[in-house]
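Peer 1: Give me a model of this one.
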Amino acid sequence: QVQLVESGGKLVQTGDSLRVSCAASGLTFSRSTMGWFRQAPGKEREFVAAIGGSGLTIRYADSVKGRFTISRDNAKSTVYLQMSSLKPEDTGLYYCAADRSYGNPRSAAAAYDYWGQGTQVTVSS
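Peer 2: Numbering: from 1, shown residues only. A predicted model of the protein is given here:
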């Protein structure tokens, strides 16, 4: 049984930094592309970042380029999202997702096979 468990979300202020984590189990982590998505109240879920199994291929949404960094530790089956210069528009429920295909990271939510329950990030102005 695949489980993705996010942690680290909290209330922060504009300009702060925050790292969220996602611990995976029940899948071949090193061969899975991992992605982060977020969903704000009343809005659709949107792609944030994704990283290939080896960690060498990475993709970001334009809205977070230069501010967010995705990384992974295959020995710990964990993926991270380091967020800096946070803005109120970054507020949302941040989901971790796993794509079993071993290829370039994809931004479409439909490409991902497994999802976590999410961790809430709130950025106050």
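Peer 1: where does the one residue sitting closest to the centre of the chain fall, phi/psi-wise?
Peer 2: Taking CA atoms, centre = their mean, the centroid of the chain lies closest to residue 36, which sits 2.2 Å from it. When read as degrees, to the nearest 10, the backbone of residue 36 gives phi -120, psi 130.
Peer 1: okay, the closest residue in space to it that isn't next to it in sequence: pLDDT?
Peer 2: What sits nearest to residue 36 in space, not counting adjacent residues and going by CB to CB, 6 or more residues apart in numbering, is residue 48, at 4.3 Å. Where C-beta positions appear, they are placed from N, C-alpha and C, glycine not excepted. Predicted confidence (pLDDT) for residue 48: 98.
Peer 1: Same question for residue 48, what's its three-state structure.
Peer 2: For residue 48, the assignment made with DSSP: H, G, I helix; E, B strand; the rest coil gives strand.
Peer 1: swap in residue 110?
Peer 2: For residue 110, the assignment made with three-state DSSP gives helix.
Peer 1: Then residue 62?
Peer 2: Applying three-state DSSP to residue 62 yields a three-state assignment of coil.
Peer 1: likewise the one 4 residues further on?
Peer 2: Per three-state DSSP, the local secondary structure of residue 66 is coil.
Peer 1: What lies in contact with the helix or strand harbouring residue 59?
Peer 2: For residue 59, the element it lies in under DSSP states H and E is strand 58-60. Outside of strand 58-60, the residues that reach it under the criterion CB atoms under 8 Å, 6 or more residues apart in numbering are 48, 49, 50, 51, 52, 68, 70, 104, 105, 106, 107.
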